[in-house]
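Asks: Have a look at this prediction, sequence included:
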Amino acid sequence: MGMTDVDVTKLNTDTGIKIGDNEAPIKVIEFINIRCPFCRQWFDEKNDLLQEYVNAGKIQRVIKLFDKEKPSLAKGNIMHHHVPTDASALSAIQSIYKTQDVWGDLEDHTEIAAYAVNELGLSLQEYENMTTRILKEAEEANVFFIPTVIIGEEVFDQKISTDELKALLDK
């Protein structure tokens with residue numbers, strides 16, 4: 001299974017952290033894991049551009065924190081449960097990515113949760129229901145890789161160029 005196997009008809013814009021106006025004409029669906037270095041690359045390189053489009057009312061981002069079973073990403077699953085689901089989510093995600101190398105080296109899951117609370121000032125969120133829905137949606141739509149980003153029928157990852165992304169957003 002690859003990105004070409006993603007069934008976009010099985011995706012929704014209801015489940016996830018919504019950034020921007022619900023009435024925005026373009027929805028950008030982002031499946032990410034906070035521990036993934038490629039998701040961090042996507043965020044670092046494209047967040048400012050996406051925020052410009054959000055601010056202009058052109059897009060709404062739907063960020064789906066995707067819990068993965070892979071041992072190298074399990075620490076991200078713990079951190080996901082500390083990301084707020086309101087407008088402060090992007091700031092929290094940015095702080096989490098900036099410190100990814102620090103909390104990512106912690107061994108114990110309770111240490112990671114404590115780091116989120118004590119060092120990043122985040123609190124545990126009631127997230128189980130959303131996590132379950134995101135996992136089910138990903139499975140039904142054949143989303144396996146992260147980051148997986150969807151705009152309309154287009155499915156891509158962090159390797160998309162800024163010009164290609166702008167072209168999709170300006171359609």
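Replies: Cool, got the structure. Numbering: from 1, shown residues only.

Asks: and for the helix or strand bottoming out on mean pLDDT in the chain, what are the contacting residues?
Replies: Each helix and strand of the chain was given a mean pLDDT (mean pLDDT, DSSP states H and E); the minimum falls on helix 128-141 at a mean of 92. Helix 128-141 is contacted by residues 6-12, 15-16, 31, 64-67, 80-81, 85, 143-144 when judged by C-beta atoms under 8 Å, 6 or more residues apart in numbering. Bear in mind the C-beta positions are built from the backbone N, C-alpha and C, glycine included.

Asks: let's see it at 6 Å
Replies: Residues outside helix 128-141 that contact it (C-beta atoms under 6 Å, 6 or more residues apart in numbering) are 6, 7, 10, 11, 15, 64, 67.

Asks: List the buried residues for it?
Replies: For helix 128-141, a neighbour-count test (16 or more other C-beta atoms under 10 Å) marks 130, 131, 134, 135, 137, 138, 141 as buried.

Asks: just stretch 10-20 next, same as before
Replies: 11, 13, 15, 16, 17, 18, 19, 20.

Asks: what mean pLDDT would you report for stretch 82-94?
Replies: Per-residue pLDDT over stretch 82-94 has a mean of 93.

Asks: Only the C-alpha atoms, please, for it, written as CSV.
Replies: The C-alpha trace of stretch 82-94 is given here as CSV (Å, rounded to 0.1, in the frame of the first residue of the first chain):
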residue,chain,number,x,y,z
HIS,A,82,-1.5,16.8,25.3
VAL,A,83,-2.2,18.8,22.1
PRO,A,84,-5.1,21.1,22.7
THR,A,85,-7.9,20.9,20.1
ASP,A,86,-8.6,24.6,19.9
ALA,A,87,-6.8,27.5,18.2
SER,A,88,-3.7,27.1,20.5
ALA,A,89,-3.0,23.7,18.9
LEU,A,90,-0.5,25.1,16.3
SER,A,91,1.5,26.8,19.0
ALA,A,92,1.6,23.6,21.1
ILE,A,93,2.6,21.5,18.0
GLN,A,94,5.4,24.0,17.3
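
Asks: Name the residues of it that are buried.
Replies: By neighbour count with 16+ other C-beta under 10 Å, stretch 82-94 contains the buried residues 82, 83, 85, 89, 90, 92, 93.

Asks: does the third one really touch residue 17, like I thought?
Replies: Yes. Applying C-beta atoms under 6 Å, one finds residue 85 in contact with residue 17, separated by 5.2 Å.

Asks: The contacts of helix 128-141: which two are farthest apart?
Replies: 7 and 67 (20.2 Å; C-beta to C-beta).

Asks: So if I had to pick from the two, which one is more boxed in?
Replies: Neighbour tally, residue 7 and residue 67, criterion other C-beta atoms under 10 Å: the higher count belongs to residue 67, 19 against 11.
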